[in-house]
Structures are given as C-alpha cells and as structure tokens.
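> Give me a 3D structure for the following:
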Amino acid sequence: EQSYVESVVTFLQDVVPQAYSGTPPEEKEKIVWVRFENADLNDTSRNMEFHEIHSTGNEPPLLLMIGYSDGMQVWSIPISGEAQELFSIRHGPVRAARILPAPQISAQKCDNFSEKRPLLGVCKSIGSSGTSPPYCCVDLYSLRTGEMVKSIQFKTPIYDLHCNKRILVVVLQEKIAAFDSCTFTKKFFVTSCYPCPGPNMNPIALGSRWLAYAENKLIRCHQSRGGACGDNIQSYTATVISAAKTIKTGLTMVGKVVTQLTGTLPSGATEEEILAHSNLRRSPLVPGIVTIIDTETVAEGQVLVSEDSDSDGIVAHFPAHEKPICCMAFNPSGMLLVTTDTLGHDFHVFQILTHPWSSSQSAVHHLYTLHRGETEAKVQDISFSHDCRWVVVSTLRGTSHVFPINPYGGQPCVRTHMSPRVVNRMSRFQKSAGLEEIEQELTSKQGGRCSPVPGLSSSPSGSPLHGKLNSQDTYNNFTNNNPGNPRLLPLPSLTVVLPLAQIKQPMTLGTITKRTGPYLFGAGCFSIKAPCKSKPAPQISPSKSVGGEFCVAAVFGSSRSWFANNSGLKREKDQSKQFVVESLYIISCYGSLVEHVLEPRPLSTAPKISDDTPLEMLTCPRASWTLVRTPQWNELQPPFNANHPLLLAADAVQYYQYLLAGLVPPGSPGPITRHESYDSLASDHSGQEDEEWLSQVEIVTHTGPHRRLWMGPQFQFKTIHPSGQTTVISSSSSVLQSHGPSDTPQPLLDFDTDDLDLNSLRIQPVRSEPVSMPGSPRPVSDRRGVSTVIDATS
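Below you'll find the predicted structure:
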C-alpha cells in the first residue's frame, strides 16, 4: 500500500498539473475486449527457433490482441520486455479476431493458402459484402499481401472465433460451424448448444484436437462414467445469500402472476423468463451438460447427439454443473477441462479418459472443485500455466483467482508446488511403503469419496450421477497394485481447493504506475512505456465495459522484468528456473499490462514444514506496460515486408510442416534425404522402418514387487531374555551383546550400575543365529536359551 506521503505525491502528479496547465489530458481509445493469442509466433512445438537447446534467452514472446470500439491492435512482448506493435487498424468495431496458425499438412492434404499466410480472421460490424446484417461474416485477410482471401457469410450474428492447426470454428447463437484449415470448406456443424446469458453467449473450448461445448440435453446411451460430484459446501454467507434470493424469488413470483393476468411480459424481463417462455414450445433443455467431440474422426455434416445417432467422434458426454455453463477451457495437453457455471461459486476440473469404442465407455474424473466464493460472478477468462500446476480464472469484476492444482489430482502441497519441476503423484516413500493401497482400502470401506473439507459428503450419494462402488472391481484393482485401467472404479477422490491469491485490477491506470513509481530504483520494480510520441499523464480511462464490468485476460510466461533490470548480464538458460512459478501477466480494459510475480511458500501458521504442508502465496506487481493507443497513432496495416515477426514465424512453421509431412518445401534446392516420401517407405524400406519402430516401443518385462525392502522402513531386531530384562539390539546401537566360544550365554549387562567399565566391554560383531522354523528338529531356544523376535514395525 502507498504511504501517506506517496499518495500526496501521486495526487500532485495526477491532478495539479492538469488543473494549472489548462491542457486537457490526452484521450485514449475505448477498449472493448483483450486477449492473449497463440499463433505461429509463440508456438514452441512447431517453430524451430525455440527448438535449439543451447541458445540463450530463446523464450516465445507474449502475443496480445486488443479490440477497440474502432478497429484493433496486435502487440508482441518478447523476453527482452520491449513491447513491439505488430498490427493496428481502424475499420469499425471488431467483435472477434484470430491470427490463424499454419495448418497441419500431409501428402494427401495440401494448404491452398500457403503463399498468403499468415492469415487474420476478423468478424467486423460491416462485412466485406456490406449488405449483410452486422457481425454476420468472417473475413480472412492475408498479412503478407494485404488482400482478403476468403469471406464466409452467415445468417445470424457471430459471437466468437476459435482456431487450431486443423480447423477454424465459428461460434453462433446455439450453433457451432467448423471449417477445414487448409481449404476453409465446411467440415461439420453443431446445432444443439445450450444458450448462455453471457458474457460468453455460447461457451466452447477448443484444444489441439478436441472441441467441448455445452449440450442442451443429456442422452443416457452416450453418457460417460463419472462427471460432476455434488458440491455440498454451504457456509454461513451462502445461507444468508440464498435466503435473500428466496425473498427475491417470492417477489418475482407475485410479479409474474400480475403479468399473467394482464397478459404481457414486463420490459425488464430476465433472460431466464424469456428462455422459459421459449421453452414451452419445445422439449425442456437440460443445463450444465458437456459434450466433447474429436474434430478428426467426427463425421461430415451435422453432429447430432441423440438416442438414434452412433457415437462416432463423440469422446465424452457428461453432466458438469447444475446451472448453465458460462466458460470452458482445455489445459495445454488437452486432457483436463475446466468448466464454470453462471453462478461462478465453484469451478470444476475434469480429467478426460477416453475409450476408442464409444463415449459411454469413457471416464470423466472430477478431480477438483475450485471454490471462488459465495457471491455471484461471471467468468470471462481461464488460463493454465505451461506445466498445468496453476490455473487462473478471471471474472467480469476484474479479479483474477489463482488456484494450485495437479494434473493427476490430489491435495496441492509443498512437495507438489514448491519445486521448479512437476513431481510424481506419489513420493518414493509412498510408492515403496504401500500406503496408497491401505488408504484406498479405507476410503472404499467408508463408501466412496472422502473430502478434506468438513461438511462435504463423504459418500457419492450427494450426487445421483454416481453409482455405488462395485467391491469386486475395487478388489481387482487393489490386488494388482492398481496398474489397471484408470477408467474403472474406484474414481479418484475429489479435492476442494481455495484460491491462493486474488489479484484485483486497479480502478485507474495511475494507481499501478504510481505504485511501481516510488520504488523504481529500490525494489526492482519498473515501468516500461510503449513507444509513444509524448508521455501522457496517467488518468482515468473512460473505457469500461457495460455495467461496471472489466474485461481482463491473463496468461503465464517467463519473467520479463528480470531481464530488463539486468540488461547488462547475459540471460543464462537456467536463470528463469530461479522462480518456482512463471510470472502472471494480466491485461485490463485500461490497456495496462502488468507482470505479477507469484511466490508460493509453506503456510506460515503451520507448526512444522513437511511435504504435506499446505501453501500460501505472495504476489507483487513487478512491471507494467501502457499499450492503449491514442487517436493520434498511425495505423500499421498489411502488406508487411518479409522480415515482419508474424511473417517470419509463419515461414518457419510452414517449412517445418513440409519436413514433417515428408514433402519438399517450396523454394528449397532439392529433395530432402532425411525424410523420404510415403511411397518409398511403403515399398522397399520396410526392414528399416520396423527397426525404427521397435526402438520407440516401451517394453515392460515384469511388474515389480509391491515394496522393495531397501526403499521402505527397515526391520528392527529385539532380543527377549528369560530373566525378564530386555535389551533391544538394533543396527544403530553401540553396545553389542557378545558371546564367548562356549554355548552358555554371558551374563547380561546391567545398565543401572554406576561403576560401568567401558574398557572391559568386548566390542565385536555378533554372529547371526538361524531363526527357529516349524520343521526344524529342535528349537533354537533350547540351544541358546534366547529366543529372537523379528518385529517389522514401520
């Protein structure tokens, strides 16, 4: 927080000069939406620039798109921290825009637009034809030549665009249309989406291959195993809020009766009432259902999930929430799906385990419920860290909530989140000691899921969607040390996670720049201004979305402030590894991009720190960039020259795609020897191909024992004496009982005597005697007079 003196300085800097100079503050353009983009420029898997292992500072830049009330802008922030403007245009309001990645090609499928790439897909208020209704067409512009290469017309308004290297997805009201990335011909379409009141009218999630959307009904024959479990978290606040809602509902009911008598709907009717009116005509819709389809195997034409349809291309179909779904996102690997509903109290994290045969055989594990709070909030943005250990959910109030998760489930703790690398689900000790099986046995006996949160039902009866655990299945899985099928029962236990940090957006840009201002040279905070003619005084920007809502977007990335502070030093490869978590970048509707440094640490109130200690988090803003443009800025329009970053990236990725497909890239000198074409592989290189194939196979020759002796707890040996005295002899004890050559046992040492002569002790190793076995002719105790007990206490 600012001290009193600093706040006075801030006030003088902000207010006084403007009051005396008489010049009005420089006005900024109004921002409507912001988004971090993934394109060829920051594609680490396909851009060869990021593949060189020994290069220094080879980090992908952040790519940022800003939509204004007139036109749009694209920024790149490389690892050096110097923001670079890549594209800027003013041609009326833009609802959605995407930089399309270079498509995946093969010998059978070539890219029709390869000379024109990179392409920018835009949905503007006035389309290319000019006659159609606003926001009803998608125009694809070439950034290389500046021309429009394709326009796709629709009858209804477009809400959003999504794309990956296989398809371009156009989101309409209750419909989704997908187009092939190489030809932009229609591939498939979905017409059964559940309508959402907003801000996202039709929420979808597009991974590298799967597409998830909100289905408007639950079809039992396609339903996957698992899905959402009941969240019975009811705090005092929630009870008060629900009571207040009940009163409000009572009042609305009275209003409805009045309107029914008069026969009209009031002008301020809510979306739910309008939906209820429209639903009288057709079968009732079911909210909260998610369908995931495989964009590669799904059939052409309409995708229909019904009792009569086969499940071709349907990966999973399951209930995720009780309320309508508001926002969804896949993690970078595409195996986890985060969903949020219109209330915004709880966000669900699902692990999708597919079956090649049908969606009804797939399993959907509900790993986490991320509990935000009791008040309502609409979610606008979900972002994962690259290692999937952190997820950030931003609401329309401008708050970003940071949650710790594990890609495999379980409670986040010091062991899982305090190391720079991802750790295994079980530690070495757990794996060797067999604790997991014991724990699972106990869990299944109690009747299902145990939740660490008090008040959450420990049995799955809280949700009607979960059947009882089948004891035979459970037993089969336990007896084999559970190497078995993760789709079978038991389902993993649900964990409730609270946010470790809540980062709120400042009401004005001034508070952040001024807060980092006083500490400019002290604490390593700094502020980077975008290239701009004159340095404007920070002031309250008029750009705020409808009804006091803030548009924000967040993304994780390597720290840029470290490099800017130490620009003299060469950035070493492991320098970024000094942080356990990557920095979090948040752009607000004021056009200020702020880098927040996140530092997780063990809970300070914990009595002692162990592997299982819960976490807490410190956050601080470290750097800010002012990226909002003013009306005086020049536009930056295509055609761009060949050394423009977007064009260079598109060339690199396309070249790599040709190599992967075994084709000759255009403009290369001759055939490539390293990658042969498909025909030659099929004909005469079969032996070589088999050899290569075998080297990729992972062979497991045997399953290991349940527990290896040298890894787990060790044995302790105790000797029981007939006299009633007991001396425990373990490998660590310094006094060893020694025997003479005769069979008669030596008298035991009496440790209570004061005159104990240490020199008289004969320290020599004791020979081990065989343990008495049931079949031996005479017991050992007869021979020695001493019986040995081996106690295997852990």
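
> which ones are touching Pro199?
Lys378, Gln380, Leu396, Glu549 (Cβ atoms under 8 Å, 6 or more residues apart in numbering). Just so you know, the C-beta spots here come from the backbone N, C-alpha and C atoms, and that holds for glycine as well.

> host element of it?
Under the criterion DSSP states H and E, no helix or strand holds Pro199.

> and the gap between it and Ser383?
16 Å (Cβ to Cβ, to the nearest Å).

> Show me the beta-bridge partners of the residue nearest to Ser385 when sequence neighbours are not counted.
Leaving out its chain neighbours, the residue that sits closest to Ser385 by Cβ to Cβ, 6 or more residues apart in numbering is Phe556, at 4.3 Å. Note on Phe556: beta-bridge partners by DSSP bridges are Leu584.

> what's the neighbour count on Phe556?
Residues within reach of Phe556, counting by other Cβ atoms under 10 Å, total 21.

> quick one: Arg415 and Asp612 touch, right?
Yes: counting by Cβ atoms under 8 Å, Arg415 touches Asp612, with 7.0 Å between them.

> In contact with Ser311, which residues?
His222, Ser358, Ser359, Ser360 are the contacts of Ser311 under Cβ under 8 Å, 6+ apart.

> how does it look with 7 Å?
By Cβ atoms under 7 Å, 6 or more residues apart in numbering, the residues touching Ser311 are His222, Ser358, Ser359.

> Among those residues, which one has the most neighbours?
Ser359 (27 neighbours).

> Report the contact partners of that one.
His222, Ser224, Ser311, Ile314, Val315, Ala316, His317.

> out of those, which are inside strands?
Ile314, Val315, Ala316, His317 (DSSP state E).

> How many residues are close by the last one?
This points to His317. Neighbours of His317 (other Cβ under 10 Å): 26.

> and the gap between it and Ala83?
Going from His317 to Ala83 by Cβ to Cβ gives 44 Å.

> and what of the first one?
With the distance defined as Cβ to Cβ, Ile314 ends up 43 Å from Ala83.

> Mind checking which of the two has more residues around it?
Per other Cβ under 10 Å, whichever of Ile314 and Ala83 has more neighbours is Ile314, with 24 against 21.

> close enough to count as contact, that one and Thr297?
No: Ile314 is not in contact with Thr297 according to Cβ atoms under 7 Å; the separation is 9.4 Å.

> where along the stretch 251-400 of the chain do the helices fall?
For the stretch 251-400 of the chain, the helices defined by DSSP state H, counting those that start in this stretch occupy 271-279.

> pLDDT below threshold where in it?
Within the stretch 251-400 of the chain, the ranges that satisfy pLDDT under 70 run 251-283.

> which stretches of it form strands?
Here the stretch 251-400 of the chain has its strands, by DSSP state E, counting those that start in this stretch, at 289-294, 301-303, 314-319, 325-330, 336-341, 346-353, 363-371, 379-384, 390-395, 399-404.

> Out of those, which gets nearest to Gln173?
With Cβ to Cβ, the closest approach to Gln173 among the strands of the stretch 251-400 of the chain belongs to strand 325-330: 15.3 Å.

> what pLDDT does Gly227 get?
We have a pLDDT of 89 for Gly227.

> mind checking how far it is from Leu337?
11 Å.

> gap between the two ends of stretch 493-501?
24 Å (Cα to Cα, to the nearest Å).

> Tell me the buried residues in it?
Ser493, Leu494, Thr495, Val496, Val497, Pro499, Leu500, Ala501 (16 or more other Cβ atoms under 10 Å).

> Please look at the last one and Phe403 and confirm they touch.
No: here Ala501 does not reach Phe403: they are 9.1 Å apart, not a contact under Cβ under 7 Å.

> re earlier: let me know whether the residue nearest to Ser385 touches Glu582 as I believe.
Yes: with contacts counted by Cβ under 7 Å, Phe556 reaches Glu582, the gap being 4.4 Å.

> Would you format the buried residues of stretch 493-501 as JSON lines with pLDDT, secondary structure and distance to Leu218 included?
Listed next are the buried residues of stretch 493-501 as JSON lines, based on pLDDT from 0 to 100; DSSP: H, G, I helix; E, B strand; the rest coil; distance: Cβ to Cβ, whole Å:
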{"residue": "Ser493", "pLDDT": "84", "secondary structure": "coil", "distance to Leu218": "25"}
{"residue": "Leu494", "pLDDT": "90", "secondary structure": "coil", "distance to Leu218": "20"}
{"residue": "Thr495", "pLDDT": "92", "secondary structure": "strand", "distance to Leu218": "25"}
{"residue": "Val496", "pLDDT": "94", "secondary structure": "strand", "distance to Leu218": "25"}
{"residue": "Val497", "pLDDT": "95", "secondary structure": "strand", "distance to Leu218": "27"}
{"residue": "Pro499", "pLDDT": "95", "secondary structure": "coil", "distance to Leu218": "30"}
{"residue": "Leu500", "pLDDT": "94", "secondary structure": "coil", "distance to Leu218": "34"}
{"residue": "Ala501", "pLDDT": "94", "secondary structure": "strand", "distance to Leu218": "36"}
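
> Looking at those, which one is closest to Ile89?
Ala501 (36.2 Å).

> Tell me what that closest one is bridged to.
Val402.

> Likewise for Glu85?
Trp75.

> Same question for Trp210.
Asp294.

> Report the contact partners of it.
Taking Cβ under 7 Å, 6+ apart as the test, what Trp210 contacts is Ile292, Ile293, Asp294, Thr295, Val315, Phe330, Gly334.

> what's the burial count for the first one?
By the measure other Cβ under 10 Å, the count of residues near Ile292 is 28.

> Is it in contact with Ala316, as I believe?
Yes: counting by Cβ under 7 Å, Ala316 is a contact partner of Ile292 at 4.5 Å.

> okay, and the common contacts of the two?
Joint contacts of Ile292 and Ala316 (Cβ under 7 Å, 6+ apart) are Ile352.

> which stretches of the protein form helices?
Applying DSSP state H to the chain gives helices spanning 4-14, 16-21, 236-262, 271-279, 414-417, 428-433, 435-446, 471-479, 509-516, 561-565, 645-661, 678-683, 686-695, 780-784.

> then the shortest one to CSV, C-alphas only?
Once non-C-alpha atoms are left out, helix 414-417 reads as follows in CSV (Å, rounded to 0.1, in the frame of the first residue of the first chain):
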residue,chain,number,x,y,z
VAL,A,414,4.8,-28.1,-0.5
ARG,A,415,6.0,-31.3,-2.3
THR,A,416,4.0,-30.8,-5.4
HIS,A,417,4.2,-27.0,-5.8
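
> What residues of that helix count as buried?
Neighbour counts over helix 414-417 (16+ other Cβ under 10 Å) mark Val414, Thr416, His417 as buried.

> Now do that helix, average pLDDT.
pLDDT averaged over helix 414-417 gives 93.

> Show me what that helix is packed up against.
Contacting helix 414-417 under the criterion 3 or more Cβ pairs under 7 Å, 6 or more residues apart in numbering; DSSP states H and E is no other helix or strand.

> again, only using 10 Å
strand 592-602, strand 615-626 (3 or more Cβ pairs under 10 Å, 6 or more residues apart in numbering; DSSP states H and E).

> For the nearest residue to Pro134 once chain neighbours are set aside, give me the pLDDT.
Nearest residue to Pro134 in three dimensions, chain neighbours excluded: Ser125, at 4.4 Å (Cβ to Cβ, 6+ apart). pLDDT for Ser125: 86.
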